[in-house]
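Visitor: Got a predicted structure plus its sequence, pasted below:
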Amino acid sequence: MVGQRLPVPRLEGVSQEHFMQDLYPQRKPLVLEGIDLGTCTSKWTVDYLSQAGGRKEVKIHVAAVAQMDFISKNFVYRTLPFDKFVQRAAEEKHKEFFISEDEKYYLRSLGEDPRKVMDNILIQVTGKKRIVLFSPRDAQYLYLSGTKSEVLDIDNPDLVKYPLFSKARRYECSLKAGDVLFIPALWFHNVISEEFGVGVNVFWKHLPSECYDKTDTYGNKDPTAASRAAQILDRALKTLAELPEEYRDFYARRMVLHIQDKAYSRNFE
C-alpha cells in the first residue's frame, strides 16, 4: 500500500503578479497551463532538434530500464553526436544500441548538479511526463541517501525493506507540451517520461543572498546555516560515541526529542 495520493493543483491563465504575490509564497507545487511559450512546443520536433543541434558530441546516461538510480548508478555514460542521440531517444526499439534494444537515454545538459536548495520551474516543451513529488516534511519516510531516495519503484515499493514509505504523501501530476510545473526548493520528485520530449528547467535562489555559500554559484550546496548545524551535529554524535552503549542510546534519544520540540515546524497540515 502506497501513501496518500494528492493531485498537484492546475491553474490556467495565471498572471505573473498573481503567481508571485499569492501562489509562490505558499511553497507548494503547482501546474500552470496556458503560458505563452512561443513556437517551441510545435517547432521542436525530432527533425528540427537533430538539425539544430548538429553533430556536436554529448555525454548521455544510458540505462536498461526507465528508472535510473542515481545512488547505485544503474546506468552507464556514453557519447553520441547530438543528432544521433535525439533520433535514438525518440525510438521505441533501437537497431543500434549500447546495452539493449530497449535501453533508455537521458541528456542532462548542465551536468550532475541536483540544485537541491533552489526553486525550480520545469517547462514541458514537448512530450509527456508523469511526476510524483514528496514534501520535504515527509523526508523521514523516504529513506534518503544524501539528497536522493533509495525507493526507486514508487508505484510498487518494497514495504518490507522500506516500511515507512507508505506514510509519505504523493503529490501527482501529468505534464503535456506547454505545461509549466513549479517545484519549490527541497521538494523531492520522481519523473517518468511517457514519450520522447524536451523539458527546460529554470532555477533561482529564493532565500536572501547571505543564506548561501558565496562560492556556490548555482545553489547546489545547503544553506550555510544548515551546513554549520550539520557539522555541529556530527561533532555531537562523535562525542556521544565516547559513552557506553546504554548511555549513548539514552542521550541520543533525548537529542532527537529536543530537536523535534525546538526545530520542527508544527503549523502544517
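Guide: All right, it came through fine. Residues are numbered from 1 along each chain as shown.

Visitor: The spatially most central residue of the chain is in what secondary structure piece?
Guide: The chain has His189 as the residue nearest its centroid, 4.0 Å off, counting by Cα atoms, centre = their mean. Following DSSP states H and E, the helix or strand that holds His189 is strand 188-193.

Visitor: Give me the helices and strands touching that strand, please.
Guide: strand 129-134 (3 or more Cβ pairs under 8 Å, 6 or more residues apart in numbering; DSSP states H and E). Using the backbone N, CA and C atoms, a C-beta is placed for each residue, glycine as well.

Visitor: Pull out the buried residues from the strand it packs on.
Guide: By neighbour count with 16 or more other Cβ atoms under 10 Å, strand 129-134 contains the buried residues 129, 131-134.

Visitor: check contacts around the residue nearest to Arg5 when sequence neighbours are not counted.
Guide: If the residues on either side of it in the chain are set aside, Arg5 comes closest to Arg170, at 5.0 Å by Cβ to Cβ, 6 or more residues apart in numbering. For Arg170, the residues meeting the contact criterion (Cβ atoms under 8 Å, 6 or more residues apart in numbering) are 2-6, 132-134, 154.

Visitor: In its sheet, which strands sit next to the strand holding His189, and in what direction?
Guide: Strands flanking strand 188-193 in the sheet, each with its direction: strand 129-134 (antiparallel) (DSSP bridges).

Visitor: Alpha carbons of the strand it pairs with, as CSV, please.
Guide: Taking Å, rounded to 0.1, in the frame of the first residue of the first chain, the C-alpha atoms of strand 129-134 are listed here in CSV:
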residue,chain,number,x,y,z
LYS,A,129,5.8,13.3,-18.3
ARG,A,130,4.3,11.9,-15.1
ILE,A,131,5.7,13.5,-12.0
VAL,A,132,5.3,12.4,-8.4
LEU,A,133,6.5,14.9,-5.7
PHE,A,134,7.1,14.4,-2.0
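
Visitor: one step back: which SSE is immediately downstream of the strand holding His189?
Guide: For strand 188-193, the succeeding helix or strand toward the C-terminus, using DSSP H and E, is strand 198-204.

Visitor: Contacts for that following strand, please.
Guide: Strand 198-204 is touched from outside by 44, 49, 115, 118-127, 129, 175, 218-219, with contacts defined as Cβ under 8 Å, 6+ apart.

Visitor: just stretch 151-160 next, same as before
Guide: 1-2, 67, 69, 132, 142-143, 162, 165-166, 170, 190.

Visitor: ok, which pair from the residues you listed is furthest apart?
Guide: Between all members of the contacts of stretch 151-160, the longest pairwise span (Cβ to Cβ) is found for Met1 and Asp69 and amounts to 23.0 Å.

Visitor: ok, back up a step: does the residue nearest to the centre of the chain have any beta-bridge partners, and if so which?
Guide: With DSSP bridges applied, His189 shows beta-bridge pairing to Leu133.

Visitor: any idea how far it lies from Glu12?
Guide: 22 Å (Cβ to Cβ, to the nearest Å).

Visitor: Next: Glu96.
Guide: Remark: distance between Glu96 and Glu12 (Cβ to Cβ) = 42 Å.

Visitor: got a list of what the nearest residue to Phe19 once chain neighbours are set aside touches?
Guide: Residue nearest to Phe19 in three dimensions, not counting chain neighbours: Leu32, with 7.3 Å by Cβ to Cβ, 6+ apart. If a contact means Cβ under 8 Å, 6+ apart, then Leu32 has 10-12, 14, 19, 179-182 as its contacts.

Visitor: Confirm that Tyr247 sits in a strand.
Guide: No. Secondary structure assignment (DSSP: H, G, I helix; E, B strand; the rest coil) places Tyr247 in helix, not in a strand.

Visitor: Stretch 204-211: end-to-end distance?
Guide: 14 Å (Cα to Cα, to the nearest Å).

Visitor: What residues of it count as buried?
Guide: Along stretch 204-211, the positions that meet the burial threshold by neighbour count (16+ other Cβ under 10 Å) are Lys205.

Visitor: just how off-centre is that stretch within its chain?
Guide: Distance of stretch 204-211 from the chain centroid (Cα atoms, centre = their mean, to the nearest Å) equals 19 Å.
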